[in-house]
Structure formats: C-alpha cells, structure tokens
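S.K.: curious how this folds, go ahead:
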Amino acid sequence: MADSRRLLAAVLLIGGIGTIAYWVAFFTSGVVQATQDPCYLAFERAFPAADGWTAANAIAAAIALWRRRPSAVLFTVAAGSGFVFLGLMDVLYNLEHGMYAIHSAEMANEIVINVFCLTVGASAIAYAWSGRRERPLAPPAV
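M.R.: The predicted structure follows:
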C-alpha cells in the first residue's frame, strides 16, 4: 500500500502542476491549442476555473498522501472526480467536433490529457475509497 500511495501522490502532483503549466502555455504562447477555431477556443477558455479547482485538489491530495493525513481521502476523491469530469467533457467535445481526426502534436497532447484524466481520476477515486478505513487515509474511528 505504501508504494501505491507514493506513486499516486507523485502522479497527482504531476497532474496538478501539469494542469497549471497547460494553462500558462495556453494563454501565453498558445502552443497547446489544437486548432484556432473560435468554437474550440471558446470551449477551452471555459475551463480554467474547473482545472484550477482540480489542480489545487490534486496538489493537496499529493501532500496529504505523502504526509499520511486523513484529509487525503477527501482531496484524492475531489481531485479524481475533477479529472474524470474534465476528461469526459473534453472527450465529448472532441468526438462531437471531429477533433480526434486532427493529426498534430497538439491533438496528440490532448489525447494524452484525456487518457490521463480518465484513468488517473478513476484510479484515484478507487484508491481513496478502498483505503478510507485504513490508517493513514482515514481519521481514527470515534
């Protein structure tokens, strides 16, 4: 359990920092933008607040997991559900707008982000929930 806890903490930290880096790149250089289509850009610009929430929870979860804090359950479930939500929103948009047909490095990056969000999100939720009664993931029984 300790090795999987540390691995999940590292992955969540990478996800949180990666999310912040994505938005810095999106708004400063635009290198992560898969297309310049106004619909795509408007869709993407709707996400910074939700991504910020997810990134903050992912970083908090990573710290709580490393420190074996009871709050790790809360932050890990919150981060996981945020990643799943973001992944599903992106996948649905990409399917509805034919984005997966775009063959570019930026779209390949989007696919990696989609897979990351859905797999890490679901895995984080499952991990936190399965360990909620085990120390150090849950508060002591009253």
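
S.K.: next, count neighbours for the closest residue to residue 102 other than its chain neighbours.
M.R.: Using C-beta to C-beta, 6 or more residues apart in numbering and skipping the chain neighbours, the partner closest in space to residue 102 is residue 34 (5.9 Å). Placement of C-beta: from N, CA and C, glycine included. Other residues lying near residue 34 total 20 when counted by other C-beta atoms under 10 Å.

S.K.: need the contact list for residue 34.
M.R.: Applying C-beta atoms under 8 Å, 6 or more residues apart in numbering to residue 34 gives the contacts 40, 99, 102, 104, 106, 107, 109, 110.

S.K.: go again using 10 Å as the cut-off
M.R.: Residue 34 makes contact with 40-41, 44, 94, 99-100, 102, 104-111 under the criterion C-beta atoms under 10 Å, 6 or more residues apart in numbering.

S.K.: out of those residues, which are inside helices?
M.R.: Counting by DSSP state H, the contacts of residue 34 place 40, 41, 44, 94, 105, 106, 107, 108, 109, 110, 111 in helices.

S.K.: what's the spacing between the fifth one and residue 125?
M.R.: In this view, residue 105 and residue 125 are 30 Å apart by C-beta to C-beta, to the nearest Å.
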